[in-house]
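Student: Structure of the sequence below:
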Amino acid sequence: MIKYNKLETRQFLASIGKNKHMDLSKTLKKVGLNEKQAAVYSAALALGETSITELAKKAELKRPTTYLIVEELQVLGLLSETTQGKRRILSAIHPRRLQEIARSREKQIEEVLPELVALYNTPKTKPKIQVFEGEAGIKSVYRDVLEEIKDIDEILFISNLTAVSERVPDIFKEFVEVLLKLKNTKIRELNSDDKVAREWIEKTKQFPYKNHQVRLIPKNFPFGATDNFIFHNKLLIFSLQKDIFVIIIESEEIIKTFKAIFEVAWLQAKKL
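Tutor: Below is the predicted model of the structure:
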């Protein structure tokens, strides 16, 4: 753990004093401290070298509670302790220690993430349905798929590429960048027959990655402004009209049905 000297901490405390509107407790809760820990630590920052009694008064907590919180903060490396005669003196460690704690927690999450993902992907009896609304929501889902696509054996698309390119052009561009790096994922697309889709087919023919097929649904079957993905046990339905949203359905039985519908359409679609 990095050591911070008293001068650094005093300089930080002085900077706090310049901003009368700074609510430390709320800020500290956002970085992972609970309410009482945030109250005691912010009190220690404000007081400098202090006693348990002064700390409890400033934090508006009972002394027995403050003793417990002080021990917790010492374990976290956020409070140091010295003695002056028989007096117990406490001091706040420089707030950069919070960054160290955040990095440590992030590392711990990364270590257990594979197990958590395995649990998340465990098949469930009941279908799981999620809905994300707004541009930020659907872009987040799009990017999750783009991140995951390299680990997918096969992904099926049913798309209105004109709607996609007009509503989320940045995502369309990122999709192309991901395709250029793919090696093993098999991709099949069923697209509405229009100018954008035909141009897209010509573009895909230039890709070094050849495990990618695109076919067109006849014009007498008009598409809505949607984008649809089928992979693993998931169906993603993006609605790209005025009020944009995406529905994510996770169900093996539902996916079987939609894959069968895709295969029937694939056989009838045009290959250029």
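Student: residue contacts, Lys259?
Tutor: Leu156, Ile230 (C-beta atoms under 8 Å, 6 or more residues apart in numbering). Any C-beta I mention is one placed from the backbone N, CA and C, and that applies to glycine too.
Student: Ignore what I typed, I meant Arg188.
Tutor: Arg188 neighbours (C-beta under 8 Å, 6+ apart): Glu154, Ile155, Leu156, Phe157, His212, Gln213, Val214, Arg215, Phe262, Trp266.
Student: For it, name its beta-bridge partners.
Tutor: Leu156, Gln213 (DSSP bridges).
Student: phi, psi of the nearest residue to Lys234 once chain neighbours are set aside?
Tutor: Among residues not flanking Lys234 along the chain, Glu250 sits closest, at 5.3 Å (C-beta to C-beta, 6 or more residues apart in numbering). Torsion angles at Glu250 (phi, psi; degrees, to the nearest 10) stand at phi -120, psi 110.
Student: domains in this structure, as residue ranges please.
Tutor: Using automatic domain parsing, the domain parsing of the chain gives 6-100, 123-268.
Student: ok, so what distance separates the most centrally placed residue in the chain from Pro95?
Tutor: Geometric centre of the chain, nearest residue: Ser140, 7.7 Å, by C-alpha atoms, centre = their mean. Computed with C-beta to C-beta, to the nearest Å, the distance linking Ser140 and Pro95 is 30 Å.
Student: Name the residues of the biggest helix by length in the chain that are buried.
Tutor: Counting residues, the longest helix found in the chain (DSSP state H) is helix 96-120. Residues Arg97, Leu98, Ile101 are the ones in helix 96-120 that count as buried (16 or more other C-beta atoms under 10 Å).
Student: so where's the stretch 51-200 of the chain uncertain?
Tutor: 122-125 (pLDDT under 70).
Student: Mind jotting down where the strands sit in it?
Tutor: Using DSSP state E, counting those that start in this stretch, the strands found in the stretch 51-200 of the chain span residues 79-84, 87-92, 128-133, 154-159, 186-192.
Student: Export those strands as a markdown table, with columns for distance to Ser165.
Tutor: Listed next are the strands of the stretch 51-200 of the chain as a markdown table, based on distance: least, C-beta to C-beta, whole Å:
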| stretch | distance to Ser165 |
| --- | --- |
| strand 79-84 | 56 |
| strand 87-92 | 54 |
| strand 128-133 | 20 |
| strand 154-159 | 10 |
| strand 186-192 | 11 |
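Student: picking that back up, pretty sure the residue nearest to Lys234 contacts Tyr120?
Tutor: No: Glu250 is not in contact with Tyr120 according to C-beta atoms under 8 Å; the separation is 9.7 Å.
Student: Could you measure from Ala197 over to Glu115?
Tutor: 41 Å.
Student: quick one: contacts for Lys128?
Tutor: Taking C-beta under 8 Å, 6+ apart as the test, what Lys128 contacts is Ile248, Ile249, Glu250, Ser251.
Student: ok, now with 10 Å
Tutor: Residues in contact with Lys128 (C-beta atoms under 10 Å, 6 or more residues apart in numbering) are Tyr120, Asn233, Lys234, Ile248, Ile249, Glu250, Ser251.
Student: what's the answer for Gln241, then?
Tutor: Ala163, Arg167, Gly224, Ala225, Thr226.
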